[in-house]
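Enquirer: Build the 3D model from these lines:
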Amino acid sequence: MKALVALILLVQLPIHKAVPAAPPAPLGCDDPESEAAAELAVNYINDHSHHGYKFALNRIDNVLVRSQGPNNEILFLELDLLETTCHILSPTPLANCTVRSFTEHAVEGDCDVKLQKLDGKLSVLASKCHSHADSSEDVLRFCPDCPLLASLNDTEVLATVTAALSDHNSKTAGAYLRLLEIGRAKIQYAPAHIVIVEFAVAATNCSAETAKDNVDACQLLPEDQSNFGFCTATMAKEPSQNLQVDCQLYGHQVPTPDVPFLSRVFYPTGQDTSAGLVPSVVQGFTNHNLRLSHNSPVASESSSSEFPNSMRSAKSVAKRAVAEVAQHDKVPRPVGFVPPPPPCPGKIRHFKI
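Expert: Predicted coordinates for the structure are as follows:
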């Protein structure tokens, strides 16, 4: 009898169902955690970019967080970046790189980045980027006399780079330099005809003097001695011709273990490098596209590089946020009340293109 009573009492006890884990708290685009993730993402993008210039964060467009279990979250970021004046070969820290001004014909990068936050530590799993120059119409509207970006394989651009590098090599007492790539070019036709170029170079195993006898024998220095540099040149063609050239070598840099050594990127094995230029990179383009699609080697199969559709358009997110704020504004508010800004997109750090 006692056993029966005990069984009845046990059946009558309330059943406590397992409470599902709460979803991760939403992040705003300007929250400290979002900004820390964005900083890590931008450094990752620059470390794995193979051409052109370093990019700096302009705005966090959107943040999405998905829980993967205890102390394990996946973050998706949509970022707006702006091109800086530092070439990717430059050892200058990104914090010291200047973002190109609007009137310099700015270039914007759009990136989707996937990160993992495991036990409080952030790491990048994958990134997808592309970049584009601002429209010429926008630049001329505010600066009618500003030079505009020119195609990197424009005949005037190529002629100016050739003349500039030849001029430097003829005057230097140091190493003979070879062209790696043309980074940027602008042409101005009025009030004067001017061609402005920027290009990356590398030191060879020849001095400029010995190269005069047999330039074809001059090869890039091996990895343990590599020395990259950067040149700027301005060719005034009218009313009188004048060439100004400035080249600076960075000195040998020890490559980071998880980042491809850049001489291999610029000079793939088996490719003719006598011209020092990778033609497929520059044909018909005014800027090197940040066409980066990279998966971290530490990403597991469960942390795939797929990005959710909601990250594909920050515009819809922005419109929704603005609509919500507008709806809240219909409710009577105290005099002087200022509604809080929408959580995304975040603040613009430099300027909007």
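Enquirer: and this structure, what are its domains?
Expert: Annotated domains of the chain cover 20-145, 150-255 [the TED database].
Enquirer: right, so of these, which gets closest to residue 344?
Expert: Closest to residue 344 of the domains of the chain is domain 20-145 (CB to CB; 4.1 Å). To be clear about C-beta, it is placed using only N, CA and C from the backbone, and glycine gets the same treatment.
Enquirer: quick one: average pLDDT of the closest one?
Expert: Domain 20-145 shows a mean pLDDT of 92.
Enquirer: Strands of the stretch 1-150 of the chain, start to end?
Expert: 53-69, 72-87, 107-118, 121-133, 148-149 (DSSP state E, counting those that start in this stretch).
Enquirer: Quick one, which of the ones you listed gets closest to residue 169.
Expert: Closest approach to residue 169 among those (CB to CB): strand 72-87, 19.5 Å.
Enquirer: Out of the strands of the stretch 1-150 of the chain, which is closest to residue 36?
Expert: Closest to residue 36 of the strands of the stretch 1-150 of the chain is strand 121-133 (CB to CB; 6.9 Å).
Enquirer: Buried residues in that closest one, which are they?
Expert: 122, 124-129, 131, 133 (16 or more other CB atoms under 10 Å).
Enquirer: closest one to residue 345 among the domains of the chain?
Expert: domain 20-145 (4.5 Å).
Enquirer: any idea how far that closest one is from the chain center?
Expert: Chain-centre distance of domain 20-145: 7 Å, with CA atoms, centre = their mean, to the nearest Å.
Enquirer: likewise stretch 231-243?
Expert: For stretch 231-243 - counting by CA atoms, centre = their mean - the centre lies 30 Å from the chain centre.
Enquirer: now the residue at minimal distance from the centre of the chain, nearest residue through space, not along the chain?
Expert: Nearest residue to the geometric centre of the chain (CA atoms, centre = their mean): residue 55, 3.9 Å. By the measure of CB to CB, 6 or more residues apart in numbering, the closest residue to residue 55 outside its immediate chain neighbours is residue 81, 3.9 Å from it.
Enquirer: How about the contacts made by that neighbour?
Expert: Residue 81 makes contact with 42, 45, 55-58, 108-111, 129, 131, 290, according to CB atoms under 8 Å, 6 or more residues apart in numbering.
Enquirer: want to throw the residues you listed into TSV with distance to residue 218?
Expert: Shown next, in TSV, are these (distance: CB to CB, whole Å):
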residue	distance to residue 218
42	36
45	33
55	33
56	35
57	40
58	41
108	38
109	35
110	40
111	38
129	35
131	33
290	31
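Enquirer: So residue 101 versus residue 37, what's the distance?
Expert: 27 Å (CB to CB, to the nearest Å).
Enquirer: More neighbours: which of those two?
Expert: The residue with more neighbours, out of residue 101 and residue 37, is residue 37; 24 against 14, by other CB atoms under 10 Å.
Enquirer: and the residue lying closest to residue 228 once chain neighbours are set aside, what does it touch?
Expert: Distance criterion CB to CB, 6+ apart; nearest residue to residue 228, sequence neighbours excluded, is residue 89 at 4.4 Å. When contacts are counted by CB under 8 Å, 6+ apart, residue 89 touches 180, 200, 228-230, 250, 262.
Enquirer: What does residue 89 show for phi and psi?
Expert: Backbone geometry at residue 89, expressed as degrees, to the nearest 10, gives phi -80, psi -10.
Enquirer: surely residue 128 meets residue 112?
Expert: Yes. If you go by CB atoms under 8 Å, residue 128 and residue 112 touch, sitting 4.8 Å apart.
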